[in-house]
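> Provide a 3D model corresponding to the input given below.
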Amino acid sequence: MEQTWRWFGDGDPVPLDHVKQAGATGIVTALHQVTGGRAWTVDEIAVRIATIEQAGLRWSVCESIPVPNAIKLAGPDRRRAVDAWKDSLANLGRAGVTTVCYNFMPVVDWTRTDLLYRLPTTGYALRFDMVDFVAYDVFILRRPNAEADYASDLVREAQARHQAMSESDMAQLETNIICGLPGGDGSYSRETIAALIADYAGLDATALRAHLVEFLREVVPVAEEVGVRLAIHPDDPPFSLFGLPRIVSTADDARAVIAAAPSSANGLTFCTGSYGARPDNDLVAMAQEFAPHIHFAHLRNVTREPDGSFYEAEHLDGDTDMVSVVTALLREEKRRRDAGETREIPMRPDHGHLLADDIGKKVNPGYSLIGRLKGLAELRGVMRAVSRTLDAHIAA
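Numbering: from 1, shown residues only. Next up is the predicted model:
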């Protein structure tokens, strides 16, 4: 697998030289400075490629071209938004960026309630606490009829948690949930997020999936034409937030995406942390089943809790058997080589812990240097050992 690294452009606290020191060869990035759903120009893409190549690296994966709410809602601006997305996709492909990750999460992108969850190691992890989230949704945001979406005992626990919060606690929780995380769709205020949630009222999973299918049937032919592999990212977390449908959360959801537009250009980002936050997802079985359709891998681990909470674990610990997942992906790469295909699966270590000298520095939550460097080193060791084992098995 190609070892890659998420980089957020010139303002990223981790410079490209440090990415090289970590041992990655590919960069995963986007034109984060381009807002408003307009098309990315050839010149803008060329500037980003030149910056990366001057550092001795290559732009391996675009993550992501944002999918505006106009597309997810199939609203009046849908046509303009889809055309801009297709133009960005075509310009990337013609420039040689041949893997594009994207997501179809309504309103909020990847979501956490705690960005500094202290671990027994004294490092810090990202955490999603279900009680805190319910406390925000029901008692701070006060979304109409929100309590009906949760079990009554969970609402009671959330009410007690809310009553124990100070004003600064509530402000920090709101910031963590709605003010945007790296690579997300953007930041909201309490008023703007409430208004956007209201825009989705009445849109169920069936309707949202239909909008995704309509989108795929337009963009997949463009991807085929310019040699791009599309890789949809699963919902994070993989269950409803704010009462909104999420439609890329399970193995059945992944099957539906693949079936919606059968093509080698239509595939998956296999994020072990996102899919792994659901106990009913068998990550090893999913890696084996979907292997031919996996165009990109986010390798991270989570430790789940009974109420739906979870936190980012060590890359080789947590509730996912990472060694078996990596083995499945390396077996798929061997199958491709045997079939005469040259495409590797780009992988990146995702959501590293905040460790050592990075503590107290300006960092993007989940994207500090040392934690990801540690994760990449651990995953690289697994990849090397598994590859040797597979080669020895073949030789025997």
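> which residues in the stretch 1-150 of the chain form strands?
Remark: strands assigned in the stretch 1-150 of the chain by DSSP state E, counting those that start in this stretch are 2-6, 26-29, 58-63, 99-102, 114-118, 124-128.
> in the last one, what counts as buried?
Neighbour-count burial for strand 124-128, counted by 16 or more other C-beta atoms under 10 Å, picks out 124-128. (C-beta placed from N, C-alpha, C; glycine too.)
> quick one: Trp110 from Lys374, how far?
Applying C-beta to C-beta, to the nearest Å, one obtains 21 Å for the distance of Trp110 from Lys374.
> Looking at these two, which has the bigger crowd around it?
Taking Trp110 and Lys374 together and counting by other C-beta atoms under 10 Å, Trp110 has the greater number of neighbours (24 against 19).
> Excluding chain neighbours, what is closest to the more buried one?
Distances taken as C-beta to C-beta, 6 or more residues apart in numbering place Asp236 nearest to Trp110, at 4.0 Å, with adjacent residues excluded.
> Is the one you found in contact with Cys271, as I believe?
Yes: taking contact to mean C-beta atoms under 8 Å, the distance of 7.0 Å between Asp236 and Cys271 places them in contact.
> one step back: in a markdown table: the strands of the stretch 1-150 of the chain, plus distance to His293 and mean pLDDT.
Listed next are the strands of the stretch 1-150 of the chain as a markdown table, based on distance: least, C-beta to C-beta, whole Å; pLDDT from 0 to 100:
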| stretch | distance to His293 | mean pLDDT |
| --- | --- | --- |
| strand 2-6 | 17 | 98 |
| strand 26-29 | 19 | 98 |
| strand 58-63 | 16 | 98 |
| strand 99-102 | 13 | 98 |
| strand 114-118 | 32 | 98 |
| strand 124-128 | 27 | 98 |
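> Redo those as JSON lines? Include distance to His353.
Listed next are the strands of the stretch 1-150 of the chain as JSON lines, based on distance: least, C-beta to C-beta, whole Å:
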{"stretch": "strand 2-6", "distance to His353": "15"}
{"stretch": "strand 26-29", "distance to His353": "19"}
{"stretch": "strand 58-63", "distance to His353": "21"}
{"stretch": "strand 99-102", "distance to His353": "23"}
{"stretch": "strand 114-118", "distance to His353": "10"}
{"stretch": "strand 124-128", "distance to His353": "5"}
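> now the strands for the stretch 201-350 of the chain?
So, for the stretch 201-350 of the chain - with DSSP E, counting those that start in this stretch - the strands run 229-232, 266-271, 294-299, 302-304, 310-312, 346-349.
> before we move on, back to that, so for Met170, which of the strands of the stretch 1-150 of the chain sits nearest?
strand 114-118 (13.5 Å; C-beta to C-beta).
> Where is the longest helix in this protein?
Taking residue count as the measure and DSSP state H as the definition, the longest helix of the chain comes out as helix 369-395.
> In that one, which residues are buried?
Judged by neighbour count using 16+ other C-beta under 10 Å, the buried positions of helix 369-395 are 369-376, 378-380, 382-383, 386-387.
> Ok, stretch 183-202 next?
Counting neighbours by 16+ other C-beta under 10 Å, one finds that the buried residues in stretch 183-202 are 183-185, 188, 193-194, 196-197, 200.
> still on that earlier bit, same list (the strands of the stretch 201-350 of the chain) but as CSV, adding mean neighbour count.
What follows is the strands of the stretch 201-350 of the chain, written out as CSV (neighbours: other C-beta atoms under 10 Å):
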stretch, mean neighbour count
strand 229-232, 26
strand 266-271, 25
strand 294-299, 26
strand 302-304, 21
strand 310-312, 23
strand 346-349, 26
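> Tabulate those strands in CSV, adding columns for mean pLDDT.
Shown next, in CSV, are these (pLDDT from 0 to 100):
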stretch, mean pLDDT
strand 229-232, 98
strand 266-271, 98
strand 294-299, 98
strand 302-304, 98
strand 310-312, 98
strand 346-349, 98
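> quick one: which of these is nearest Phe8?
strand 346-349 (12.9 Å).
> Figure out how far the closest one is from the centre of its chain.
Distance of strand 346-349 from its chain centroid, counting by C-alpha atoms, centre = their mean, to the nearest Å, is 12 Å.
> quick one on the thing from earlier: tally of neighbours for the residue nearest to Trp110?
The local packing count at Asp236 equals 27, with neighbours defined by other C-beta under 10 Å.
> how close does it get to Leu203?
In this structure, Asp236 lies at 20 Å from Leu203, with C-beta to C-beta as the measure.
> What of Val82?
Where Leu203 is concerned, Val82 sits at a distance of 18 Å (C-beta to C-beta).
> who has more neighbours, these two?
Set side by side, Val82 and Leu203 give different neighbour counts by other C-beta under 10 Å, the larger being at Val82 (20 against 17).
> shouldn't the more buried one be in contact with Glu218?
Yes: counting by C-beta under 8 Å, a contact exists between Val82 and Glu218, whose distance comes to 5.7 Å.
> can you give me the helices in the stretch 201-350 of the chain?
Here the stretch 201-350 of the chain has its helices, by DSSP state H, counting those that start in this stretch, at 205-226, 251-260, 272-276, 283-290, 322-338.
> which of those is buried the deepest?
Of the helices of the stretch 201-350 of the chain, the one with the most neighbours on average (mean count of other C-beta atoms under 10 Å) is helix 272-276, at a mean of 27.
> what mean pLDDT would you report for that one?
For helix 272-276, the mean per-residue pLDDT is 98.
> Packing partners of it?
Helix 272-276 sits against helix 283-290, strand 294-299, strand 302-304, with contacts defined as 3 or more C-beta pairs under 8 Å, 6 or more residues apart in numbering; DSSP states H and E.
> so what's Thr320 up against?
Contacts for Thr320 were tallied using C-beta atoms under 8 Å, 6 or more residues apart in numbering; they are 272-273, 276, 283, 301-302.
> now, which of the residues you listed sits nearest Met322?
In terms of C-beta to C-beta, no member of those lies closer to Met322 than Asn301, at 6.0 Å.
> Now that closest one: closest residue in space, sequence neighbours ignored.
Leaving aside its sequence neighbours, Asn301 sits nearest to Gly318 (C-beta to C-beta, 6+ apart; 3.2 Å).
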